[in-house]
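Participant: Coordinates for the following, if possible.
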Amino acid sequence: MSLNRVIENSKYSPDEIYGELFREVQLNHIFSDTKTFVDCVPKISAEDILKIYYEKKNLSNFDLSKFINEYFNLPSSPGKNFSSDRNISTVDHINRLWDILSRPADEPTPGSSRIALPFPYVVPGGRFREIFYWDSYFTILGLSVSPNHSHLIENIIDNFTYLIDQYNFIPNGNRTYYLTRSQPPFFACMIQLLSQMNSNPSAIRQKYLPYLYKEYLFWMNGKDQLNENHIFNQHVVWISDDVILNRYFDPLTCPRPESFPKEEEERKKAEKLYGIKSDEFYLHNRAACESGWDFSSRWFDDENSKELNKCAFIIPIDLNCLIYFLEDYLSLIYDELNNMELSQQFKNLSKKRKEIIQNLFWSNEEKFFMDYDPINKRQKKVLSLAGLYPLFFNIATKEQAEFVQQRVKKDFLQIGGLSTTLQQTGQQWDSPIGWAPLQWISYQAMKNYHFDQLANEIRTRWLNLNDEIFKETGKMTEKYNVVEQSEGGGGNYPLQDGFGWTNGVYLRLLHG
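Facilitator: Numbers count the residues shown, from 1 in each chain. Now for the predicted structure:
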């Protein structure tokens with residue numbers, strides 16, 4: 001997919017469509033959550049709404065809040081009347097929630113920011129009223145052990161193939177304002193899971209091959225334009241003439257509409273404190289959002305300063321492990337089809353990437369896998385659970401895995417599970433916060449290398465924390481404080497409950 005086409009997609013975003021009206025709604029805080037307006041659906045055409053707005057906006061009795069309510073339908077919350085029963089088990093609660101979090105195939109709605117999907121799907125919950133890319137992998141882990149809802153797995157995957165057909169990649173979610181960025185590429189992992197549930201796994205793999213290949217092209221687009229004088233281009237980074245790795249990237253250099261004006265206030269602070277220009281601020285801000293880790297000290301030059309986020313200049317360990325798996329999986333499928341040329345090509349690519357991960361990202365000092373800084377040609381300093389992805393994908397050597405598990409046990413393991421990093425910055429992807437997807441990655445990473453005792457300890461502590469919070473609040477939340485054994489904090493929005501990936505990981509961990 002060309003970079004110009006990605007940028008062209010942004011014209012369908014509510015901030016582009018409504019211009020001044022969008023800015024006035026957000027700046028005047030008509031809604032407490034800045035995501036609300038961008039999810040509103042116009043009752044008449046945007047053109048007509050803007051015409052009326054410009055006619056009325058300077059009248060002495062003009063009320064912007066009333067105007068919005070008159071000409072827009074606010075986003076619905078199908079689960080708002082759902083009442084939790086804290087007397088039932090966590091499993092029973094989650095099984096009740098699947099119907100609350102499930103959505104039927106979308107009916108196309110003129111003017112809506114929602115991209116209509118042709119098959120049913122599961123949303124995370126709360127303010128997240130759409131499908132999310134990487135969330136969905138962890139959600140379907142739970143669906144795979146939920147017989148009454150497992151049919152949704154193929155529906156979710158087929159929605160992603162629809163998005164690939166439409167846009168040549170999987171966006172962050174099915175909203176027009178997400179069309180310039182993706183999320184951690186777990187699509188191959190989803191296909192692997194679906195194939196493992198099927199009596200003919202090779203048929204499933206081959207069915208989705210064209211989409212896996214398009215996913216790969218998206219993440220590798222622009223590699224031919226790289227050289228030692230131009231090391232960054234879209235999602236690819238030049239290390240040497242024969243080594244190309246990946247980063248997170250969004251081509252837009254403006255605030256995300258769902259986070260305006262808060263992000264613009266943060267940009268002004270970054271410029272005042274450090275002289276950071278607008279384009280640079282938003283380059284890194286949006287890259288961090290594509291990473292899913294928005295925000296974390298992983299990306300900061302100074303671990304306590306979000307203003308010094310440099311995500312787009314970092315090569316993340318987890319992303320490159322995901323791309324390794326995609327390359328390896330493509331090799332397997334081409335082998336099944338007796339296309340030995342392409343099978344060998346992708347085998348060579350995955351083998352080279354594996355060797356790079358084992359060496360470039362491995363810190364002999366910390367005995368841990370780290371993110372990499374290609375500008376200064378050194379590893380980053382922050383230890384995080386992203387360093388367990390090489391174990392999750394069986395990339396690490398046995399010796400490396402032994403060192404990693406020792407560090408996890410010594411520093412990351414808390415009473416409620418694993419802390420995301422060791423830094424306490426107030427950011428939601430740092431200590432003391434724990435997230436369901438990282439508990440699963442870490443649990444499976446330990447199982448892969450037969451560290452069963454630690455794996456079971458992670459599992460038990462996380463499940464116990466989920467159970468305790470459910471009994472206290474009736475909620476399964478987006479994130480948790482694994483030190484204080486409470487609901488999680490941090491982030492640019494209130495804590496959300498539901499919650500798709502928490503439910504999915506809980507059920508899959510319980511299943512073993």
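Participant: The closest residue to residue 286 other than its chain neighbours: neighbouring residues, count only.
Facilitator: Once flanking residues are discounted, residue 286 sits nearest to residue 250: 3.5 Å by CB to CB, 6 or more residues apart in numbering. To be clear about C-beta, it is placed using only N, CA and C from the backbone, and glycine gets the same treatment. A count of nearby residues for residue 250, using other CB atoms under 10 Å, gives 27.
Participant: I figured residue 250 was touching residue 289, is that so?
Facilitator: Yes: the criterion here is CB atoms under 8 Å, and residue 250 meets it with residue 289 at 7.1 Å.
Participant: list residues touching both of these two?
Facilitator: residue 181 (CB atoms under 8 Å, 6 or more residues apart in numbering).
Participant: can you map out the helices along the stretch 1-150 of the chain?
Facilitator: Using DSSP state H, counting those that start in this stretch, the helices of the stretch 1-150 of the chain run over 3-9, 14-18, 20-27, 35-38, 46-56, 64-71, 90-101, 133-143.
Participant: List of residues touching the longest one?
Facilitator: Residues outside helix 90-101 that contact it (CB under 8 Å, 6+ apart): 78-79, 82, 84-85, 88, 122-125, 142-143, 146, 148-149, 152, 466-467, 470, 474, 476, 498, 500, 503, 506-507, 510.
Participant: Apply the buried test to the residues you listed and list what passes.
Facilitator: When the contacts of helix 90-101 are checked for burial by 16 or more other CB atoms under 10 Å, the buried set is 122-125, 142-143, 146, 149, 152, 466, 470, 474, 476, 498, 500, 503, 506-507.
Participant: Now do the contacts for residue 438.
Facilitator: 385, 388, 418, 420.
Participant: same check, this time on residue 26
Facilitator: Residues near residue 26 by CB under 8 Å, 6+ apart: 34, 37, 257, 260-261.
Participant: farthest pair in these?
Facilitator: Greatest spatial distance in the contacts of residue 26: 37 and 261, 11.8 Å, computed using CB to CB.
Participant: out of those two, which sits in the busier spot?
Facilitator: The neighbour comparison of residue 37 against residue 261 (other CB under 10 Å) goes to residue 37, with 24 against 16.
Participant: contacting residues for the more buried one?
Facilitator: Contacts of residue 37 (CB under 8 Å, 6+ apart): 14, 22, 25-26, 30-31, 68, 72.
Participant: run the last query once more with 7 Å
Facilitator: 25-26, 30-31 (CB atoms under 7 Å, 6 or more residues apart in numbering).
Participant: Turn the residues you listed into CSV, including pLDDT and distance to residue 351.
Facilitator: Below are those laid out as CSV (pLDDT from 0 to 100; distance: CB to CB, whole Å):
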residue, pLDDT, distance to residue 351
25, 98, 52
26, 98, 49
30, 98, 54
31, 97, 51
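Participant: Which of these sits closest to residue 347?
Facilitator: residue 26 (49.4 Å).
Participant: Now the closest one: closest residue in space, sequence neighbours ignored.
Facilitator: Excluding the flanking residues, the one nearest residue 26 by CB to CB, 6+ apart is residue 260, at 4.9 Å.
Participant: swap in residue 262?
Facilitator: Closest residue in space to residue 262, ignoring its immediate chain neighbours: residue 492 at 6.0 Å, by CB to CB, 6+ apart.
Participant: ok, now how distant is the one you found from residue 384?
Facilitator: Going from residue 492 to residue 384 by CB to CB, to the nearest Å gives 20 Å.
Participant: Please identify which of the two sits among more neighbours.
Facilitator: residue 384 (28 against 16).
Participant: Please report how far the more buried one lies from residue 86.
Facilitator: 33 Å.
Participant: just residue 367 next, same as before
Facilitator: Using CB to CB, residue 367 is found at 43 Å from residue 86.
Participant: Sweet, I'm off.
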